[in-house]
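[1] no FASTA, just this:
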């Protein structure tokens, strides 16, 4: 590029002849492919509705809790698309970056899509894995992400606890025995869901990868030669994926309109169709019925009924000295 052309473009930007809006979406670890597919249609829609203003959407991915911490430490993300409520709520509680009623700003408690937990097993399912109770056998090796750093890992822990609670007749001592064995069977605790997938696929460790239904189905489709199988346990939980714009950041970045429009777009039929193509479930009965072959039935337990509020869940299971810490301390006994 010649100096004259560069100077011309720079003068256009200064004069308002060329505009560009940049959005940063801070998201969880295994959502890369989903937003790679979702972003271009919205960028085109924005360009059509806002002539002369080019929109560029950038992505940041890591464990959901780690991402929230990055924003509290100064990452100027415009929107967040996480996989657990607590990682959004902390932006209010610790940073005062969003209002306390952020869940009321968009439908379904600001959760445009959701998933559940599933197992990915190797060709032929050699360990005959069918349900949560099979995962606590001494001959089964597991891969899933660390509940301390990953929403994916927390949902895995809570889904396993819920199912084993039901199977044990709500016997707390039996549940702890089951969960202790579950932890002993973990070969690697990766910090995020995609790291766990890489360990299972590339390092060929573990008999079972536990992750979101969307992730394990996508991986199975991506590696057809390996003939992985997806197992959806008969007892499960719903993993909501909450979203919000970060009020303080969008005011500073002057991206209020684009940030709100982007998240509203996630509720549109076109966006939700894309979500189901990546095996995410949506609150659209007609679309779910159309894709019923992609989403097997399972018995969903409600987290609130099993554990109480998310504040109680964190305090009981994941805070320092909670159930996870207590059982991890006995992992190699």
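    That came in fine, so what should we check first? These numbers come from a predicted model, not from an experiment.

[2] Let me see the contact set for the residue sitting nearest the centre point of the chain.
    Centroid-nearest residue in the chain, with Cα atoms, centre = their mean: residue 83, separated by 3.7 Å. Each residue near residue 83 by Cβ atoms under 8 Å, 6 or more residues apart in numbering is listed here: 28, 31, 64, 151, 152, 155, 212, 239, 240, 241. Any C-beta I mention is one placed from the backbone N, CA and C, and that applies to glycine too.

[3] 7 Å - rerun?
    Neighbouring residues of residue 83 by Cβ atoms under 7 Å, 6 or more residues apart in numbering: 28, 64, 151, 152, 239, 241.

[4] same thing with residue 210?
    When contacts are counted by Cβ under 7 Å, 6+ apart, residue 210 touches 117, 119, 142, 144, 156.

[5] Filter those down to just the ones in strands.
    117, 119, 142, 144 (DSSP state E).

[6] so which of the residues you listed is the most crowded?
    With neighbours taken as other Cβ atoms under 10 Å, the top of those is residue 144, carrying 31 neighbours.

[7] Let me know the distance separating the closest residue to it other than its chain neighbours from residue 196.
    Of all residues not flanking residue 144 in the chain, residue 210 sits nearest, at 4.0 Å (Cβ to Cβ, 6 or more residues apart in numbering). Here residue 210 is placed at a distance of 8 Å from residue 196 (Cβ to Cβ, to the nearest Å).

[8] which neighbours do the two share?
    By Cβ under 7 Å, 6+ apart, the residues touching both residue 210 and residue 196 are residue 144.

[9] Now residue 86: which helix or strand?
    Assigned by DSSP states H and E, residue 86 belongs to helix 85-93.

[10] Show me what that helix is packed against.
    helix 64-72 (3 or more Cβ pairs under 7 Å, 6 or more residues apart in numbering; DSSP states H and E).

[11] Mind listing residues that contact the helix it packs on?
    For helix 64-72, using Cβ under 7 Å, 6+ apart, the contacting residues are 26, 28, 60, 77, 82-84, 87, 90-91, 94-95, 97, 149-151, 191, 246.

[12] let's go with 6 Å and repeat that
    Residues outside helix 64-72 that contact it (Cβ atoms under 6 Å, 6 or more residues apart in numbering) are 26, 28, 77, 82, 83, 84, 87, 90, 94, 95, 149, 151.

[13] Tell me the one among those nearest to residue 303.
    Nearest to residue 303 out of the contacts of helix 64-72 is residue 84 (Cβ to Cβ; 10.1 Å).

[14] check contacts around the nearest residue to the closest one once chain neighbours are set aside.
    Closest residue in space to residue 84, ignoring its immediate chain neighbours: residue 151 at 3.9 Å, by Cβ to Cβ, 6+ apart. Counting by Cβ under 6 Å, 6+ apart, residue 151 touches 64, 83, 84.

[15] ok, now residue 94?
    Applying Cβ under 6 Å, 6+ apart, the residues near residue 94 are residue 72.

[16] From residue 87, how far off is it?
    As judged by Cβ to Cβ, residue 94 and residue 87 stand 11 Å apart.

[17] what do you get for residue 283?
    21 Å.

[18] higher neighbour count, the two?
    Shown here are residue 283 and residue 87; by other Cβ under 10 Å, residue 87 has more neighbours (23 against 14).

[19] got the buried residues for stretch 188-207?
    188-197, 199-201, 205-207 (16 or more other Cβ atoms under 10 Å).

[20] just the helices in the stretch 101-250 of the chain please.
    For the stretch 101-250 of the chain, helices defined by DSSP state H, counting those that start in this stretch occupy the ranges 107-110, 151-167, 172-184, 193-201, 213-222, 247-253.

[21] Can you tell me the strand partners of the helix or strand where residue 59 lies and which way each runs?
    Assigned by DSSP H and E, residue 59 belongs to strand 53-61. Next to strand 53-61 in the sheet, as set by DSSP bridges, lie strand 19-27 (parallel).

[22] Next, the contact list for residue 159, please.
    So residue 159 contacts 117, 236, 237 (Cβ under 6 Å, 6+ apart).

[23] Give me the distance between it and residue 174.
    17 Å.

[24] Ok, residue 116 next?
    24 Å.
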